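Asker: just to be clear, the model below is a prediction. Sequence and coordinates:
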Amino acid sequence: MTAHDGPAELEAQFAQWRQYVLRRRELQAVDADELEDHLRGSVDELVAAGLSPDEAFLVAVKRMGSLDELSREFAREHSDRLWKQLVLTGDSDSPVAGTRSRRTLWVMLGCAAGAVASVKVPALFGLSFADDGSFYARNATLFALPWLAAFLAWRRGAQRSVIAVLVALFVLGAVAANAYPLADDSQSVVVTGVHLPIALWLVVGLAYVADDWRSSRRRMDFIRFTGEWFIYLVLMALGGGVLSAFLFNTFAAIGIVPEEFISQWLLPCGAAAAVVVAGWLVEAKQSVVENIAPVLTRLFTPLFTAALLAFLVAVVWTSHGIDVEREALLLFDLLLVVVLGLLLYSLSARDPLAPPGPFDKLQLALVVSALAIDVLVLVEITGRITDDYGSTPNRAAALGENVILLVNLAWSAWLLLTFVRRRTPFAALERWQTGYLPVYAAWAWIVVLVFPPLFSFA
Amino acid sequence: MKVTKDLVAASATPMVLGILAEGESYGYAILRRINELSGGELEWTEGLLYPLLHRLERLGHLESSWQSVAGERKRKYYRVTDRGLAELAEQRRQWDTVVGALRELWHDRTPLAVNGLGGLA
């Protein structure tokens, strides 16, 4: 080693050591600065005592003791650091990141305010919750989701063409919800009410993947986003419920009944804002509840598998086909959707490079049993369509969904089987699921746009 | 002979406060001073020193500031506060009591081994 490259090499060693230190969650950048200063003091002294920089570094690091012990002691003093904290003030390490997160906060607040305004504007034109419930039911998702999409598109710096497509799709959704002459009690209203949110949610997905909508990884990110968003939304709904209960009861205790305020303002405005805030929370702090949704899927995949298998065994045991009311048929569809959600979410939470394990086999069992149930439901629906009443919007929509699910589940089962037997990489399964998302979108839009005229607005 | 871990831990706070009462200082220098004061018998680790400094700062006994000394790298200096001095005085009273009691015990009597045997006999 020449005298010249000595210091440079030493600096590289310091940099590397710093990297190791910063990987510990208990230690922050300022602690690393302080400890590095300590290490440098130690090295300087050893060099002064006659050691080469290399030796001095090794001895100094050794004297410092293991990082494990060090971070354990730090963890004892700074246990709060293990709880990642939500930073609302933009008090970040770098001032640039700080202003960016502050600006994101303002844009989010603007979008949330927009969602709140969207909920309340129709009331100015005489459309009240009490009298026009059906209007609000049809348009519920149209109030908030465009604002969430706007926030995400802003975050991604979406191109004009993408923004134009987003606007066009939301306008199309608004037309589908309001332009058709549907009676409030017609089947098509219900069918549209179920499918429009799905169609619009996938439009939000387009805003989410705006920067690279072809990428399978980005679509997987959207699935992940969906899971986390949903959990935040549920948490906020719980908090909102508690707040409403306290408001109602404390005011009622002093003789003011704030029922109208809660039902006309707090609940609708809070719900609309929560849709945007939840999206922002996922974006701002992907790491706060990063482990909750995967843990939930891990918990519920075995339980759902057991439930489905038990049901199938019971079907075979009693040799009883599914013969139920319409509502119960819908229940089976919902069940299949939940299974699909579990599958999608656990795929998105999985390390794609990990080898197949017991959990993948469990998933295979889940998918196969869901597939069997789907076939049973399909048999039942086809039987109904050929009966006296023929095909109704409801039955046609259910039939289509079950066929789409059947195709997805069947191919997923095949891919999972080959993955478990180590014939195909996990990425094939991931690509299949993310590539299938547009199919759901297309079907949802077909139901919303084509079904009402097709069934002459029944 | 090395001082046991428990004793090191128990004496850590007054030690640090006492050193900083001499004047502001930084981690590495504090560790060197402890080494010097004890003739190398007190074994402190960084895992003991830095979390302790942070704790005392959180409790308001210390203040810290980053300073760059004469074109050198930045360094975090600690300074004892009035609260810290009060704490030091309190700890000193307690230590004086303990040390006084032990001294009483060990200096006014015959050596322990002889005394012990005498007691048995």
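Answerer: Now that the structure is in, tell me what you want to look at. Keep in mind that this is a model prediction, so the values were computed, not measured.
Asker: what about the closest residue to chain B within the stretch 301-450 of chain A, distance to A:Thr424?
Answerer: Using CB to the nearest CB, the closest approach of the stretch 301-450 of chain A to chain B is made by A:Asp351 at 32.2 Å. To be clear about C-beta, it is placed using only N, CA and C from the backbone, and glycine gets the same treatment. Separation of A:Asp351 from A:Thr424 (CB to CB, to the nearest Å) stands at 16 Å.
Asker: where does the chain have low pLDDT?
Answerer: Defaulting to chain A. A:1-6, A:79-99, A:129-131, A:285-291, A:320-327, A:388-390, A:458 (pLDDT under 70).
Asker: switch to chain B, please.
Answerer: For chain B, the ranges with pLDDT under 70 are B:69-72, B:108-121.
Asker: so what does A:Pro352 look like in phi/psi?
Answerer: Note on A:Pro352: its backbone torsions stand at phi -60, psi -20 [degrees, to the nearest 10].
Asker: ok so, going back, now do the SS call for the residue of the stretch 301-450 of chain A closest to chain B.
Answerer: coil (DSSP: H, G, I helix; E, B strand; the rest coil).
Asker: tell me the phi and psi of it?
Answerer: Per degrees, to the nearest 10, the backbone of A:Asp351 is at phi -70, psi 110.
Asker: count the residues that sit near it.
Answerer: 7 (other CB atoms under 10 Å in any protein chain shown).
Asker: do the same with A:Glu45
Answerer: Neighbours around A:Glu45, by other CB under 10 Å: 14.
Asker: ok, now A:Asp31?
Answerer: A count of neighbours around A:Asp31, defined by other CB under 10 Å, yields 22.
Asker: so what's it up against?
Answerer: A:21, A:74, B:50 (CB atoms under 8 Å, 6 or more residues apart in numbering or on different chains).
Asker: mind checking which of the residues you listed are buried?
Answerer: Buried residues within the contacts of A:Asp31, defined by neighbour count using 16 or more other CB atoms under 10 Å in any protein chain shown: A:21, A:74, B:50.
Asker: let me see the contact set for the second one.
Answerer: Neighbouring residues of A:Phe74 by CB under 8 Å, 6+ apart: A:24, A:26-27, A:31, B:47, B:50-51, B:54.
Asker: closest to B:Trp66 out of those?
Answerer: Of all those, A:Asp31 has the smallest distance to B:Trp66: 12.5 Å, by CB to CB.
Asker: just the buried residues of the biggest helix by length in chain B, please?
Answerer: The single longest helix within chain B, with elements called by DSSP state H, is helix B:82-107. Buried residues in helix B:82-107, counting neighbours by 16+ other CB under 10 Å, are found at B:84, B:87-88, B:91.
Asker: how about stretch B:73-82?
Answerer: B:75-78, B:80-81.
Asker: can the residues you listed go into JSON lines with extra columns for distance to chain A and secondary structure?
Answerer: JSON lines is the format used below for these (distance: CB to the nearest CB, whole Å; DSSP: H, G, I helix; E, B strand; the rest coil):
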{"residue": "B:Arg75", "distance to chain A": "5", "secondary structure": "strand"}
{"residue": "B:Lys76", "distance to chain A": "5", "secondary structure": "strand"}
{"residue": "B:Tyr77", "distance to chain A": "10", "secondary structure": "strand"}
{"residue": "B:Tyr78", "distance to chain A": "10", "secondary structure": "strand"}
{"residue": "B:Val80", "distance to chain A": "18", "secondary structure": "strand"}
{"residue": "B:Thr81", "distance to chain A": "18", "secondary structure": "coil"}
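Asker: adding distance to A:Trp445, write those out as JSON lines.
Answerer: Formatted as JSON lines, the buried residues of stretch B:73-82 follow (distance: CB to CB, whole Å):
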{"residue": "B:Arg75", "distance to A:Trp445": "63"}
{"residue": "B:Lys76", "distance to A:Trp445": "60"}
{"residue": "B:Tyr77", "distance to A:Trp445": "65"}
{"residue": "B:Tyr78", "distance to A:Trp445": "65"}
{"residue": "B:Val80", "distance to A:Trp445": "70"}
{"residue": "B:Thr81", "distance to A:Trp445": "67"}
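Asker: what two of these are the furthest from one another?
Answerer: B:Arg75 and B:Thr81 (19.3 Å).
Asker: chain B: helices as residue ranges?
Answerer: Counting by DSSP H, the helices of chain B are B:5-21, B:27-37, B:46-58, B:82-107, B:112-120.
Asker: contacts only, for A:Ala164.
Answerer: Going by CB under 8 Å, 6+ apart, the list of residues near A:Ala164 is empty.
Asker: cool, A:Tyr208 as well?
Answerer: By CB under 8 Å, 6+ apart, the neighbours of A:Tyr208 are A:152, A:156, A:218, A:221-222, A:225.
Asker: perfect, I'm done here.
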